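Participant: A structural model of the following input is requested.
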Amino acid sequence: MFFLTEAVHVTINQIILHILDSSIGAPVISSKEHPINNDIQEFMEAHLAKILKDHNGKAADFLEDSRVKSIAEEIFKDQRTFVKESGRIASILYEIILQQSEIPSADLLITTFQHQGQTFLGVLKFNYRPSFTHYIHEGEEGPHNSIIKYKTTLPGMGQKADEWAIISLDDYKITLFEREYEIDGEKRSYFSSDFLQSTTGISDMELAKKLKKQTEAFNKKFCNRDMQISDEFGKAIINSIEDEGIINIEKISERVFPNNHELKEVYLNHLENNGFDAKEVEIKEEVIEKVFSKRKIKTDHGIEINITLDNEDNNIEYLNNHDGTISILIKNINSLSYK
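Facilitator: Down below sits the predicted model:
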C-alpha cells in the first residue's frame with residue numbers, strides 16, 4: 001500500500017472513459033482510448049496525486065475467482081487489449097449499479113500509468129452530481145444569458161474521485177477507497193466485495209482513530225479521564241512511531257505506567273479485547289502525527305479548547321479545586337480574537 005508526502009510523479013500510458021448511467025439502461029462503452037493532451041495530463045496527474053497520498057486508502061487482495069483480476073492480467077499481458085478489457089470492467093460495475101438503486105450512476109475512468117518503476121491499473125469512479133453553468137441564447141435582439149443545470153459533470157482537479165482502486169500490475173495488490181450505500185436493506189460497501197471481489201483491511205487513518213478511541217475509552221473506564229495520562233499516551237505513541245517506525249504497544253504502556261504493572265496489563269488486555277491483538281501496530285508516521293498531535297478539550301459548560309500536545313505543556317495548566325472541580329489556566333497569550 002502506498003502513502004506519499006512528497007510530490008507525485010506519474011506517467012500516463014492509457015486512458016478511457018465509460019459512461020455508467022442507470023437511467024439509459026445500458027452502459028456507453030467507449031470504443032477508443034481518450035487522447036492525452038496537456039489538459040488531460042494535468043487532470044489525471046491531479047487526481048492520481050490525491051489518490052496516491054490518500055491515507056484513507058485500504059489495502060486489499062483479490063479473491064481467486066475475481067473477474068476484475070483476470071481482466072487486469074489480460075491487460076498486463078497485452079496492453080493492446082486495454083480498450084476491450086476496460087469495457088468488461090465497466091460492464092461488471094454497471095450490472096451492480098442497475099441492481100442496486102442506491103448506488104449512484106457515474107463516469108468510470110480507467111487508466112494505466114507508471115509510478116516509481118511500477119505499472120498500475122487505475123479504476124476511478126466519478127459519481128454524477130448536479131452542477132450549474134451559464135448558457136448563451138442567441139436571439140434577434142442579441143444574446144440572452146441564462147443558468148442551466150448539468151447532471152453529469154466531472155469533478156474539478158481540486159475534488160476527488162468518489163471511489164477508486166489502484167491495482168499493481170506487478171503483484172496485483174490493491175489499494176482502494178469505497179463508500180457505503182443501502183444495499184439489500186443494510187448499509188454496506190460494494191466496491192471491494194461485489195465489484196472487485198476482494199478482501200479488504202483497514203486504512204491507516206481508520207486504524208489510528210480506532211487506537212485513539214480505545215485508548216481514550218480505557219482512560220475513561222480505568223483512570224477517570226485523567227488528562228495527564230491522556231497526554232502521556234499521546235506523546236508515547238508519537239515518540240514510538242518517530243523512534244521505531246511502529247507503534248510498540250508494550251513500550252507505550254511501560255512509559256505511561258512505569259510503576260504500575262497491574263494498570264499496564266489492564267491497558268494491554270483492553271486493546272487486545274478491542275481488536276489490537278498484536279504487540280506492534282504499523283501505521284504511517286504522518287497519520288499518527290495528524291491523529292494524536294492535536295487535542296480537543298471540552299468542558300461541561302460547552303467550552304472547547306483546540307491545542308497541540310507540543311503547546312499544551314507550556315500554555316495550559318490544570319488546577320484541581322477543593323470542591324472536586326477543575327480549573328484551566330491558559331498562559332502566555334499575546335493576543336485574542338473573537339469569531
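Participant: which stretch of helix or strand covers the spatially most central residue of the chain?
Facilitator: With distances taken as CA atoms, centre = their mean, Asn56 lies nearest the centre of the chain, 1.9 Å away. Using DSSP states H and E, Asn56 maps to neither a helix nor a strand.
Participant: Same check on Phe82?
Facilitator: Per DSSP H and E: helix 82-99 holds Phe82.
Participant: Sort out which residues of that helix are buried, please.
Facilitator: Phe82, Val83, Glu85, Ser86, Gly87, Arg88, Ile89, Ala90, Ile92, Leu93, Tyr94, Ile97 (16 or more other CB atoms under 10 Å). For glycine as for every other residue, the C-beta is placed from the backbone atoms N, C-alpha and C.
Participant: and of those, the nearest to Lys32?
Facilitator: Relative to Lys32, the closest of the buried residues of helix 82-99 is Val83; by CB to CB it sits at 6.6 Å.
Participant: tell me the contacts of that closest one?
Facilitator: Applying CB atoms under 8 Å, 6 or more residues apart in numbering to Val83 gives the contacts Ile16, Ser30, Ser31, Lys32, Glu33.
Participant: Count the residues that sit near the second one.
Facilitator: Counted by other CB atoms under 10 Å, the residues lying close to Ser30 total 18.
Participant: Ala288 should be in a helix, yeah?
Facilitator: Quick fix: residue 288 is Ile, not Ala. Yes. Counting by DSSP: H, G, I helix; E, B strand; the rest coil, Ile288 is found in a helix.
Participant: For His9, which three-state class applies?
Facilitator: His9 - assigned by three-state DSSP - is coil.
Participant: what residues are up against it?
Facilitator: His115.
Participant: any idea how the protein splits into domains?
Facilitator: Domain assignment for the chain by automatic domain parsing gives 11-201, 205-330.
Participant: Turn these into JSON lines, columns for distance to Leu336 and mean pLDDT.
Facilitator: Shown next, in JSON lines, are the domains of the chain (distance: least, CB to CB, whole Å; pLDDT from 0 to 100):
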{"stretch": "domain 11-201", "distance to Leu336": "33", "mean pLDDT": "89"}
{"stretch": "domain 205-330", "distance to Leu336": "10", "mean pLDDT": "85"}
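Participant: got these as JSON lines, with distance to Tyr338 columns?
Facilitator: Shown next, in JSON lines, are these (distance: least, CB to CB, whole Å):
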{"stretch": "domain 11-201", "distance to Tyr338": "31"}
{"stretch": "domain 205-330", "distance to Tyr338": "14"}
